[in-house]
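1. give me a model of this one.
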Amino acid sequence: MVDIFLRTLPFFAIIGLGYWAGRSRFFTEDATAYLTKFVFYFALSAMLFRFAATLPFAEIFNARLMLGYLIGTAGVYALATLVAYLRGLDIPTAAVEAQCAAIGNVGFLGLPMLALLFSEAAIGPVMLVLTVDLVVFSSLIVILINGGRDGKLTVGTLRLIGVGLLKNPMIVSISAGLIWSALQMPVPDPLNDFLTILGGAATPGALFAIGASLASKSAERVQIALWLSFCKLAVHPACVAVVLLWLLPTDPFDAAVAISAAALPVAGNVYMLAAHYGVAPHRASAAILLSTIVSILTVPVVIAWVAAF
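-> Numbering: from 1, shown residues only. I've put the predicted structure just below:
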């Protein structure tokens, strides 16, 4: 476990460097926003497309893994929603808390970290996990927030979800890469070199952007944030492990990668959604900050456990 901790430490060190840059105002919030936009739309998209296009389609698509991860994630989502309901929260607020409990930073943190720790063989499972998060649960929170406010599911909400999916560069790059892979077309060397160079900026850029964005996060509603962090860092990987190891057993390596992905801290886009809709942004902010700090210790523990599979 010490070895894994030391191997994950550089990732969190870059996050810490970004946090210092944001906290000291060396990086302003505008600078952080533009860096995040560069990583999201260009560097990370190039990395995802290259990985998806160069891996055999059969090695990427795993319906059993997707279903198992979906069930495990739905389990913690339901638990967080139930606890929110028992506390008397409305549907939109409960949806934000459930999103904090179930959606991790797979794109910006998980993809580069798990690819390094588990080798490039982990890229396929990580992309499947990312796809489930983006397509299923990012759509679900929009449905719950708008449905909770309007009292019904409208055509406008469905149109909003569809447009959001079509405009999401991670979904577009993964889909385009999978189509390229399915057609068994080779990637020309100049294009591959272009994608490699541009995608190489994704890891340091994403980690630095995570840290810089954390500098603007607050630690309000600490008790709630601790509960949501516990769900994300402990309950979520436990639920995914139960499904993928016992209820719907899949390949041990794929299961290990998916469980590790489930152990990642709360994703930053949860705060963006909460802020956009004006629903509990402070508790989302606190959950992201606290879960990221605590994950420095918890993520190596989970990875060390699954590495024994």
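2. output stretch 57-74 as PDB, nothing but the C-alphas.
-> The C-alpha coordinates for stretch 57-74 follow below in PDB (Å, rounded to 0.1, in the frame of the first residue of the first chain):
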ATOM      1  CA  PHE A  57     -13.600  -2.400 -30.000                       C
ATOM      2  CA  ALA A  58     -14.000  -5.900 -28.400                       C
ATOM      3  CA  GLU A  59     -11.500  -4.900 -25.700                       C
ATOM      4  CA  ILE A  60     -13.400  -1.700 -24.800                       C
ATOM      5  CA  PHE A  61     -17.100  -2.700 -24.800                       C
ATOM      6  CA  ASN A  62     -18.100  -4.900 -21.900                       C
ATOM      7  CA  ALA A  63     -21.800  -5.000 -21.300                       C
ATOM      8  CA  ARG A  64     -21.500  -7.000 -18.100                       C
ATOM      9  CA  LEU A  65     -19.100  -4.400 -16.600                       C
ATOM     10  CA  MET A  66     -21.300  -1.500 -17.600                       C
ATOM     11  CA  LEU A  67     -24.400  -3.100 -16.100                       C
ATOM     12  CA  GLY A  68     -22.500  -4.100 -12.900                       C
ATOM     13  CA  TYR A  69     -21.100  -0.600 -12.500                       C
ATOM     14  CA  LEU A  70     -24.500   0.900 -13.200                       C
ATOM     15  CA  ILE A  71     -26.200  -1.200 -10.600                       C
ATOM     16  CA  GLY A  72     -23.600  -0.500  -8.000                       C
ATOM     17  CA  THR A  73     -23.700   3.200  -8.600                       C
ATOM     18  CA  ALA A  74     -27.500   3.200  -8.600                       C
END
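3. okay, helices next: where are they in the stretch 51-200 of the chain?
-> With DSSP state H, counting those that start in this stretch as the criterion, the stretch 51-200 of the chain has helices at 57-60, 63-86, 91-102, 111-118, 123-132, 138-150, 155-167, 169-182, 189-199.
4. ok, for residue 229, nearest residue in space, not its chain neighbours?
-> Nearest residue to residue 229 in three dimensions, chain neighbours excluded: residue 291, at 3.9 Å (CB to CB, 6 or more residues apart in numbering). No exception for glycine: its C-beta is placed from N, CA and C like everyone else's.
5. if we can go back for a sec, and the helices of the stretch 51-200 of the chain: which comes nearest residue 234?
-> Nearest to residue 234, of all those, is helix 63-86, at 9.6 Å by CB to CB.
6. and for the closest one, what are the contacting residues?
-> When contacts are defined by CB atoms under 8 Å, 6 or more residues apart in numbering, helix 63-86 is touched by residues 93-95, 97-102, 125, 128-129, 131-133, 136-137, 140, 227-228, 231-232, 235-236, 239-244, 247-248, 250-251, 254-255, 258, 262.
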